[in-house]
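Participant: structure for the following, please:
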Amino acid sequence: MESSSRPPRLDPRNSAIFLDCDGTLAPFAKTPDAVVIPPAVRELLAHLERAADGALAIITGRSLESIDNLFEPLRLPAAGLHGMHRRTNLGAESLYQVRDLAGLERIATALNELAKGDPRLLVENKGQSYSLHYRRAPERGADINAFAKQLVNELSNEFKLLLGNHVVEFMPGQVNKGSAIDAFMSESPYQGRRPVFVGDDVTDENGFDAVNRRGGWSIKVGGGESCANYRLSEPGAVHNWLRDGLETSGG
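Facilitator: Presented below is the predicted three-dimensional model:
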């Protein structure tokens, strides 16, 4: 589905706000470490969290440590590693533990071997999952995706493959951004509010689906097929839409 309409004006007072990071709150960079959240955006999120009485969370493929470094001094509720590591509004953390450690080691070995000899490729060890970034070598996308698909077929069914924006990621199949949103929605202060999720990539589709099932607003940033209800063009448009909602609440 190619949704195109702009989302309605946000009211943080009755919304549970879930936000992806890269490509949504910040433009992509050549490497994940090069992504920057401007101070004005961090300030916006701080005001928005207060206006929503704490019902805001970051939902991303990044680790919680990376999220905290990126949004410092904020320490927001978050689901990192596509939902594997979650921190609640009260600060409690839960982490999915991979059972097939041999499979995880095989992934690490295969990705590092593939990246050997090409400094443009970046293997990212996230503890319970591994990613290979090829944003600096986009012409290698087809062969990297083919390699990743072959590898996941040789692994146990504990692992799934995510083909994202210039990245392939191997992670446990039991968790995703949608399951993380469902977990937040069962807790205070999110419970009973309209869920709103803004994301930009195919890795966000499970989150969009979870929000749609609850009658919420799913918002895709940029182009491409999506099950999202609404569209925003790029991160700057996301910032403006969030600021408009903050004005609604008088924040």
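Participant: flag the shaky bits of the chain, pLDDT-wise.
Facilitator: 1-4, 249-251 (pLDDT under 70).
Participant: mind running it again at 80?
Facilitator: 1-4, 248-251 (pLDDT under 80).
Participant: where's the residue lying closest to residue 77 once chain neighbours are set aside relative to residue 181, distance?
Facilitator: Distances taken as C-beta to C-beta, 6 or more residues apart in numbering place residue 57 nearest to residue 77, at 4.1 Å, with adjacent residues excluded. C-beta coordinates here come from the backbone N, C-alpha and C atoms, glycine included. Per C-beta to C-beta, to the nearest Å, residue 57 is found 8 Å from residue 181.
Participant: comparing the two, which residue is more hemmed in?
Facilitator: Using other C-beta atoms under 10 Å, the more surrounded residue of residue 57 and residue 181 is residue 181, with 28 against 25.
Participant: in a helix, the more buried one, correct?
Facilitator: Yes - counting by DSSP: H, G, I helix; E, B strand; the rest coil, residue 181 falls inside a helix.
Participant: centre of the chain to stretch 16-31, how far?
Facilitator: Distance of stretch 16-31 from its chain centroid, counting by C-alpha atoms, centre = their mean, to the nearest Å, is 7 Å.
Participant: which residue ranges form the strands in the stretch 101-250 of the chain?
Facilitator: 122-125, 130-133, 159-164, 167-172, 194-199, 217-221, 230-232 (DSSP state E, counting those that start in this stretch).
Participant: export these as JSON lines, with columns for distance to residue 77 and mean neighbour count.
Facilitator: Shown next, in JSON lines, are the strands of the stretch 101-250 of the chain (distance: least, C-beta to C-beta, whole Å; neighbours: other C-beta atoms under 10 Å):
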{"stretch": "strand 122-125", "distance to residue 77": "23", "mean neighbour count": "18"}
{"stretch": "strand 130-133", "distance to residue 77": "23", "mean neighbour count": "22"}
{"stretch": "strand 159-164", "distance to residue 77": "23", "mean neighbour count": "18"}
{"stretch": "strand 167-172", "distance to residue 77": "21", "mean neighbour count": "24"}
{"stretch": "strand 194-199", "distance to residue 77": "14", "mean neighbour count": "26"}
{"stretch": "strand 217-221", "distance to residue 77": "19", "mean neighbour count": "26"}
{"stretch": "strand 230-232", "distance to residue 77": "22", "mean neighbour count": "20"}
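Participant: residue with max distance from the center of the protein?
Facilitator: What lies farthest from the middle of the chain is residue 117; by C-alpha atoms, centre = their mean that is 29.5 Å.
Participant: and it, how close does it get to residue 137?
Facilitator: Counting by C-beta to C-beta - residue 117 and residue 137 are separated by 12 Å.
Participant: returning to what we had before: mind putting the strands of the stretch 101-250 of the chain in TSV, distance to residue 68 included?
Facilitator: Shown next, in TSV, are these (distance: least, C-beta to C-beta, whole Å):
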stretch	distance to residue 68
strand 122-125	17
strand 130-133	19
strand 159-164	22
strand 167-172	20
strand 194-199	20
strand 217-221	23
strand 230-232	25
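Participant: go through the ones you listed and name the closest to residue 6.
Facilitator: With C-beta to C-beta as the criterion, residue 6 lies closest to strand 230-232 of the strands of the stretch 101-250 of the chain, at 6.4 Å.
Participant: other SSEs contacting that closest one?
Facilitator: Counting contacts by 3 or more C-beta pairs under 8 Å, 6 or more residues apart in numbering; DSSP states H and E, strand 230-232 packs against strand 217-221.
Participant: now do the strand it packs on: everything it contacts.
Facilitator: Contact partners of strand 217-221, identified using C-beta atoms under 8 Å, 6 or more residues apart in numbering, comprise 3, 7-8, 20, 23-24, 194-200, 204, 207-209, 211-212, 226-235, 237-238.
Participant: what is in contact with residue 57 and residue 181 at once?
Facilitator: Joint contacts of residue 57 and residue 181 (C-beta under 8 Å, 6+ apart) are 18, 79.
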